[in-house]
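Asker: What follows is a predicted protein model with its sequence.
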Amino acid sequence: MSFTVAIVGRPNVGKSTLFNRLIGEKKSITDDLSGVTRDRIYGECDWGKHKFNVIDTGGFVPDSSDVFEKHIREQVLIAMEEASLLLFVVDATTGITALDDDFANLLRKSQKNVFLVVNKVDNFDRKNEAAEFYSLGMENIFFIASMTGSGTGELLDAVIERIPEGTSLDNEEEVTSDIPKVCIVGQPNVGKSSLVNALLDEDRNIVTEIAGTTRDSTHSHYNKFGKQLLLIDTAGIRKRARVHENLEFYSVIRAVKAIDESDVALIVIDATKGITHQDLTIYKMAVRKHRGIVIAVNKWDLVEKETNTARDFEALMKTKLAPFNDVPIVFISAHEKQRIFRIIETIEMVFANMKRKIPTAKLNEIMLQLIAQYSPPAMDGKLVTIKFVTQLPSKHPAFAFFSNHPKYIRESYRNYLENKLREHFDFKGVPINIFFREK
């Protein structure tokens, strides 16, 4: 189970700045021009012992004739349906506007928890002036300045109080089940439901040429030829009128939830289109959440082939997937049922790699020899050494290297260690975490 917070509100109130503050990095494009946040941005906020998803939406402009603003409005409505909690951001410097009133009326109809966040309250006078926002009738009101971070701690404390017990995005406990939970994610109309139907040999999902006709997320138990999986097919569209122009946005917001509850992400892409920006967004999301990854290139039967077509296609994909591109790629046709059983075998292989435990003695025997051959570069005249390495008990592979000066070890050397781990131990399809600790 995951917990998702959506940041909503009219344009130019500081939603993206708040998003950047919550996730601790600058990902959104922020500008004074209304509507500059065109692509929804997804991140994770880590506060105390809790972690939750954060969605940065565009500005909400009701009844606008502008096609772009209409597009944003529909996306906000989708976020309101899918999110667990909504942060309704307003601007203290402008006071309550007609758009704020319209938005407040809409949010009152929502069954979700709503926090009114009055932004740009960066001095005492503005806090007094911001008292007018109480007239919107919102129960939970927070006064913040997202640019400086003032008040965001109290806001986050209130958010985590709403997270149900047992909810987690990154369960660090080791995988104990022998049946992998596999989410099937990807853009609309790449053949996710056709693949599920082909695997199960039944029409469990509605399949049409219209993108997004999967009505809700479905869980299917695969149990054939001595192999078992729990397949999670991400939902497509429930209210097509609302999300007709927002299929990609809807697919990603549902993928967030599906990846959270899975062990392995099966990312399906369309061979006739190649790997797109939206595919990479979903891929990076799975990497960030430390899920096992398998990529299925569907509709391969529709591609004109020469001798090295598959090899060249895979090489181009891995260039775009870098830096983490040690992932299995399977070329399939769900419609023709070509090579679909190879997907099951590949998922099992990746799931086994996720659970792989390397004996400490063997790990040190191999890695310390490699470290001796290529030592960490010295920093500020100080010799950096690594004397011990161990695998940590976690859901995904993670290793701790003990050093006399861990803070001086550069990212390039971390990449070297990861490459050597992958070279000597099979972690294909699985992101690896490396930590440097003081001995």
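Answerer: Done, it's in.
Asker: same for the helix or strand harbouring residue 17, what does it pack against?
Answerer: If you go by DSSP states H and E, residue 17 is part of helix 15-23. Packed against helix 15-23 by the contact rule (3 or more C-beta pairs under 8 Å, 6 or more residues apart in numbering; DSSP states H and E) you find strand 4-8, strand 41-47, strand 50-56, strand 85-91, strand 113-119, helix 152-161. To be clear about C-beta, it is placed using only N, CA and C from the backbone, and glycine gets the same treatment.
Asker: what angle do the last one and strand 4-8 make?
Answerer: Using axes from the mean of the first three to the mean of the last three C-alpha atoms, to 10 degrees, the inter-axis angle of helix 152-161 relative to strand 4-8 is 130 degrees.
Asker: Could you do the third one as well?
Answerer: For strand 50-56 and strand 4-8, the angle between their directions (the same axes, to 10 degrees) works out to 30 degrees.
Asker: same deal with the fifth one?
Answerer: Going by the same axes, to 10 degrees, strand 113-119 is angled at 50 degrees with respect to strand 4-8.
Asker: Identify all contacting residues around the helix or strand following strand 113-119.
Answerer: Remark: after strand 113-119, the chain's next helix or strand is helix 124-129, criterion DSSP H and E. Contacts to helix 124-129, defined as C-beta atoms under 8 Å, 6 or more residues apart in numbering, come from residues 92-93, 95, 120-121, 143.
Asker: Also stretch 267-278?
Answerer: Against stretch 267-278 from outside (C-beta under 8 Å, 6+ apart): 184-187, 189-192, 195, 248, 251-252, 279, 282-283, 286, 293-300, 302-303, 313, 316-317, 320-321, 331.
Asker: sorry, back to before: for residue 380, find the nearest of the helices and strands packed on helix 15-23.
Answerer: strand 41-47 (30.4 Å; C-beta to C-beta).
Asker: Report the buried residues of that closest one.
Answerer: 41-45, 47 (16 or more other C-beta atoms under 10 Å).
Asker: sorry, back to before: any chance of a ChimeraX selection covering the buried ones in the contacts of stretch 267-278?
Answerer: Command for ChimeraX, covering only those of these found buried under the criterion 16+ other C-beta under 10 Å:
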select :184,185,186,187,189,190,191,192,195,248,251,252,279,282,283,286,293,294,295,296,297,298,299,300,313,317,321,331
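Asker: Among the contacts of stretch 267-278, name the ones in strands.
Answerer: If you go by DSSP state E, the contacts of stretch 267-278 have 184-185, 293-298, 331 in strands.
Asker: Out of those, which is nearest to residue 344?
Answerer: For those, the nearest to residue 344 is residue 294 (9.9 Å; C-beta to C-beta).
Asker: residue contacts, that closest one?
Answerer: 264-267, 327-328, 330, 343, 346-347, 350, 429.
Asker: now these: which count as buried?
Answerer: Buried, going by 16+ other C-beta under 10 Å: 264-267, 327-328, 330, 343, 346-347, 350, 429, out of these.
Asker: With pLDDT, distance to residue 407 and secondary structure as extra columns, can I get those residues in CSV?
Answerer: Below are the buried ones among the contacts of residue 294 laid out as CSV (pLDDT from 0 to 100; distance: C-beta to C-beta, whole Å; DSSP: H, G, I helix; E, B strand; the rest coil):
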residue, pLDDT, distance to residue 407, secondary structure
264, 95, 34, strand
265, 94, 33, strand
266, 95, 38, strand
267, 94, 35, strand
327, 97, 31, coil
328, 97, 35, coil
330, 97, 41, strand
343, 94, 42, helix
346, 96, 39, helix
347, 95, 38, helix
350, 96, 33, helix
429, 96, 31, coil
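Asker: Average pLDDT for the helix holding residue 17, rounded please.
Answerer: For helix 15-23, mean pLDDT is 87.
Asker: and the angle from it to helix 152-161?
Answerer: 70 degrees.
Asker: Could you list the low-pLDDT ranges of the stretch 151-300 of the chain?
Answerer: Within the stretch 151-300 of the chain, the ranges that satisfy pLDDT under 70 run 166-177, 202-219, 233-252.
Asker: that older thread, and the two most separated of the contacts of helix 124-129?
Answerer: Pairwise over the contacts of helix 124-129, using C-beta to C-beta, the maximum falls at 95 and 143, 13.7 Å.
Asker: Pick out whichever of those two has more residues nearby.
Answerer: Taking neighbours as other C-beta atoms under 10 Å, residue 95 and residue 143 compare with residue 143 leading, 21 against 12.
Asker: Who are the contact partners of that one?
Answerer: Residue 143 neighbours (C-beta under 8 Å, 6+ apart): 92, 118, 121, 127, 130, 151.
Asker: what's the neighbour count on the first one?
Answerer: Applying the criterion other C-beta under 10 Å, we find 23 residues in the vicinity of residue 92.
Asker: thought it was touching residue 123?
Answerer: No - using C-beta atoms under 8 Å, residue 92 is not in contact with residue 123; the gap is 9.9 Å.
Asker: so where do the helices sit in the stretch 151-300 of the chain?
Answerer: 152-161, 192-200, 240-243, 247-260, 277-288 (DSSP state H, counting those that start in this stretch).
Asker: how far out from the middle of the chain is the helix or strand hosting residue 436?
Answerer: Take DSSP H and E as the rule and residue 436 turns out to sit in strand 433-438. In terms of C-alpha atoms, centre = their mean, to the nearest Å, the centre of strand 433-438 is found 23 Å from the chain centre.
Asker: In CSV, list the C-alpha atoms belonging to that strand.
Answerer: Extracted in CSV, the C-alpha atoms of strand 433-438 (Å, rounded to 0.1, in the frame of the first residue of the first chain):
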residue,chain,number,x,y,z
ASN,A,433,22.8,0.5,-3.3
ILE,A,434,26.3,1.1,-2.1
PHE,A,435,27.1,2.8,1.2
PHE,A,436,30.4,4.0,2.5
ARG,A,437,30.9,3.9,6.3
GLU,A,438,33.7,4.8,8.6
